[in-house]
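In: Sequence plus predicted model, see below.
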Amino acid sequence: MGRLLLVSLPATGAIIYRCKHCDTHLAYDTDIIARTFRCKNGKAYLFNRIVNVNVGSKDDRMMTTGLHTVCDIFCVACGAILGWKYLVAFDKSQRYKEGKFILDRSTALAARGDAAHAHAHADHAHHHHHHARVTSSADDDDPSDDEDDQHM
Ligand SMILES: [Zn+2]
């Protein structure tokens, strides 16, 4: 029963977010609904769909936009906590988040899902190889003075 069936997201030209710890595919940037969320580690994005995650137990959490029932999500390959999934939003205006996923940006790496670079390894810290791994630093500076969710 311990066999892992990892979903590999096909290269579409979209940026693919991967687990920072084990490089498992998680989501396409085309599935991002909003980039304005926050978690305790900083930026977090709301995704329509995330693959290769296990969900934890249900938990009611008070957030800046009200009470939500959520469950944490974990990488199926390495068990790292990646964010959470919204199950229920008690405030009607927040219902669009139900069934959607928050990915903590500090737990994920972004890279173009280009087949030629599919094997580029995640340890980019100390080698700058000539095949350019495209990271998403460009989209990382949106001003977020709006009030999105935050763990309290
Ligand atoms: Zn992982």
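Out: Good, I have the coordinates. Residues are numbered from 1 along each chain as shown.
In: contacts, neighbours, all on C-alpha from now
Out: Noted.
In: residues from the protein in reach of the ion?
Out: 19, 21-22, 75, 78 (CA under 5 Å from the ion).
In: Can you tell me the element the residue positioned nearest the centre of the chain falls in?
Out: Nearest to the geometric centre of the chain sits Leu103, at 2.7 Å (CA atoms, centre = their mean). Using DSSP states H and E, Leu103 sits within strand 101-104.
In: surely Leu9 meets His25?
Out: Yes - the criterion here is CA atoms under 8 Å, and Leu9 meets it with His25 at 6.4 Å.
In: Now stretch 56-70 - C-alpha only, CSV.
Out: Extracted C-alpha coordinates of stretch 56-70, given in CSV (Å, rounded to 0.1, in the frame of the first residue of the first chain):
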residue,chain,number,x,y,z
GLY,A,56,-4.7,16.5,7.0
SER,A,57,-7.6,16.6,9.4
LYS,A,58,-10.3,19.3,9.4
ASP,A,59,-9.7,22.4,11.4
ASP,A,60,-11.7,25.5,12.0
ARG,A,61,-9.5,28.6,11.7
MET,A,62,-10.2,32.2,12.2
MET,A,63,-8.5,34.2,9.5
THR,A,64,-8.5,37.8,8.5
THR,A,65,-11.5,37.2,6.3
GLY,A,66,-13.5,35.3,8.8
LEU,A,67,-14.0,31.7,10.0
HIS,A,68,-13.0,28.9,7.6
THR,A,69,-12.9,25.1,7.9
VAL,A,70,-9.7,24.1,6.3
